[in-house]
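S.K.: need a 3D model of the following:
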Amino acid sequence: MEESFRGIIDFVREHQAWAAPVVMALAFGESLAFISLVVPAWGALVAIGALIGVSGISFWPVWLAGAAGAALGDWLSYWFGYRYKDNVAQIWPLSKFPGLLLRGEAFVQKWGVPSIFIGRFFGPLRASVPLAAGIFEMPFWSFQIANVLSALVWSAVLLLFGDGLSIAANWILRSI
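M.R.: Next comes the predicted model:
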C-alpha cells in the first residue's frame with residue numbers, strides 16, 4: 001500500500017494540475033466508512049501537503065478539494081447508516097471490526113453533534129461516527145454543518161502539517 005501511495009505522490013509531483021482531484025479522491029476514501037478501514041490515506045494527504053510548499057502547488061484549491069472529498073465521504077456514510085441502520089454491522093469490512101461501530105455509537109450518543117467534528121480527527125472514529133449518526137437519525141442539517149466545518153479544518157490541518165514538515169526539513173537541511 002505504501003508503494004501505491006508513493007506512486008500517487010510522484011504523480012502529483014509530476015502533474016500538479018491533478019493535485020486537487022487526487023486530494024479530493026483520497027479525502028473521500030479516507031472519510032468513507034468502508035474504504036477508510038482498508039485504505040488509510042491520511043499519510044498520502046500529508047505528503048501531498050509537503051509538496052505544496054516546495055512545488056508551488058496552490059494551497060486553496062487543494063484544501064477545498066480535500067474538504068469537499070471528506071465532507072462527501074462522511075455524508076455518504078451518514079446516508080448509508082440512516083438507510084441501512086443495524087444491518088450496517090454485518091457488511092464487510094465493518095463485520096471484521098465489530099467493536100468499531102459500537103464505539104462510534106457510544107461516542108455519538110455521548111457527544112451528539114460535536115462528535116462529528118471530534119470524530120473526524122481520530123482514525124477509528126472517523127470510520128464509524130457518521131454511520132452511527134445516520135443510524136441514530138441525527139438531524140440532517142446539524143450533521144451537515146458539523147460535517148462541512150470539520151472537513152474544512154481537517155483538510156487544512158493535514159495539508160498544512162505536511163507543508164510545515166517540508167518547510168522544517170528544508171530549514172534543517174540548509175542549516176547543516
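S.K.: list the buried residues of the worst-scoring helix or strand of the chain on mean pLDDT.
M.R.: Every helix and strand in the chain was compared by mean pLDDT, DSSP states H and E; the lowest is helix 33-38, with a mean of 77. By neighbour count on 16 or more other CB atoms under 10 Å, the buried set for helix 33-38 is 33-37. Glycine gets a C-beta too; all of them are placed from N, C-alpha and C.
S.K.: quick one: mean pLDDT for stretch 106-122?
M.R.: Per-residue pLDDT values across stretch 106-122 average out to 92.
S.K.: re earlier: now what about the least confident helix or strand of the chain, what contacts it?
M.R.: Residues from elsewhere that reach helix 33-38, judged by CB atoms under 8 Å, 6 or more residues apart in numbering: 29-30, 73, 77, 80-81, 91-94, 96-97, 100, 123, 126-128, 130-131.
S.K.: return the subset of those residues lying in helices.
M.R.: 29-30, 73, 77, 80-81, 100, 123, 126-128, 130-131 (DSSP state H).
S.K.: which of those residues has the most neighbours?
M.R.: Pro130 (33 neighbours; other CB atoms under 10 Å).
S.K.: state the distance from Glu137 to Leu76.
M.R.: 16 Å (CB to CB, to the nearest Å).
S.K.: those two: which is more packed in?
M.R.: Neighbours per residue (other CB under 10 Å) separate Glu137 from Leu76, with Leu76 holding more: 17 against 12.
S.K.: so what's that one up against?
M.R.: Applying CB under 8 Å, 6+ apart, the residues contacting Leu76 are Leu32.
S.K.: done for today, thanks.
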